[in-house]
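In: make a model of this:
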Amino acid sequence: MGDSADLAALVTHPFELLAEIERRSRQAHSGQGGATGQDEWVGVGFRIGEEQFVATRDQVREVLMLPSEMTRVPGSKRWMLGIANLRGHLLPLVDVKLLLGSGRTTLRRTTRVISVNHREVPAGLVVDEVLGFRRFMDHEFTDTWPETVVRCDRFLTGAYERGEDTWPIIDLVDFIESNLFLQAAAE
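Out: Next up is the predicted model:
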């Protein structure tokens with residue numbers, strides 16, 4: 001049963017109709033479904049400066065508005081913007097662009113915080129804008145990418161190319177586990 005006409009034929013058999021809908025839902029959720037038979041990769045697109053990146057959706061816990069209040073951490077590096085209380089959890093907020101040595105992120109209405117999905121290192125990465133989910137097919141993957149202006153090449157694991165756009169894949173877990181990130185104390 002491959003299309004909506006097949007579902008229409010089951011309208012007089014409600015149990016079978018529900019079973020088929022559930023089967024299709026499970027197949028789509030597991031990533032096995034798809035009209036083309038090709039595998040799809042889903043990530044969260046975001047912008048640092050004028051460059052666009054994507055991170056696997058499994059590494060992103062949630063996307064948040066920049067909190068109106070945060071507490072500065074004495075003795076920390078400038079890129080550590082502070083700690084914010086988000087729904088009862090303390091989250092360190094880090095200016096990714098400044099940490100990478102590419103200047104301070106201008107805080108605007110579009111500025112967002114990407115909460116990284118990591119059990120041991122809580123981190124809120126402040127980026128210029130979150131562009132939402134981005135879906136790519138396997139054939140759009142490449143293991144080469146143009147050099148980035150924000151100097152994050154050591155954290156990139158590949159890229160997706162679509163038309164004129166290149167979406168470098170940044171490994172957020174590798175980024176927050178790096179010595180660059182973990183050394184937040186001012187010298």
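In: gap between Ile48 and Ile21?
Out: Going from Ile48 to Ile21 by Cβ to Cβ, to the nearest Å gives 41 Å. Any C-beta I mention is one placed from the backbone N, CA and C, and that applies to glycine too.
In: now the helices for this protein?
Out: In the chain, the helices defined using DSSP state H lie at 4-9, 14-29, 96-99, 172-176, 179-182.
In: sorry, back to before: tell me which of Ile48 and Ile21 has more neighbours.
Out: The residue with more neighbours, out of Ile48 and Ile21, is Ile48; 23 against 12, by other Cβ atoms under 10 Å.
In: you'd agree the more buried one is up against Arg151?
Out: No. Using Cβ atoms under 8 Å, Ile48 and Arg151 do not qualify as a contacting pair, with a distance of 10.2 Å.
In: any residues in contact with both of the two?
Out: 100, 102 (Cβ atoms under 8 Å, 6 or more residues apart in numbering).
In: nearest to Leu66, of the helices of the chain?
Out: helix 96-99 (12.8 Å; Cβ to Cβ).
In: and Val116, how close does it get to Leu98?
Out: For Val116, the distance to Leu98 - Cβ to Cβ - is 17 Å.
In: next: Gly124.
Out: From Gly124 to Leu98 the distance is 14 Å (Cβ to Cβ).
In: between those two, who's got more neighbours?
Out: Taking neighbours as other Cβ under 10 Å, Gly124 and Leu98 compare with Gly124 leading, 25 against 17.
In: so what's the more buried one up against?
Out: So Gly124 contacts 64, 84, 86, 91-94, 113-116 (Cβ under 8 Å, 6+ apart).
In: among these, name the least confidently predicted one.
Out: Of all these, Leu86 has the smallest pLDDT value, namely 87.
In: wait, it sits on Pro67?
Out: Yes. Leu86 is within contact range of Pro67, at 6.6 Å (criterion: Cβ under 8 Å).
In: give me the buried subset of the contacts of Gly124.
Out: Buried members of the contacts of Gly124, scored by 16 or more other Cβ atoms under 10 Å, are 64, 84, 86, 91-94, 113-116.
In: which of those residues sits closest to Ala55?
Out: For the buried ones among the contacts of Gly124, the residue nearest Ala55 by Cβ to Cβ is Ile114; the value is 7.5 Å.
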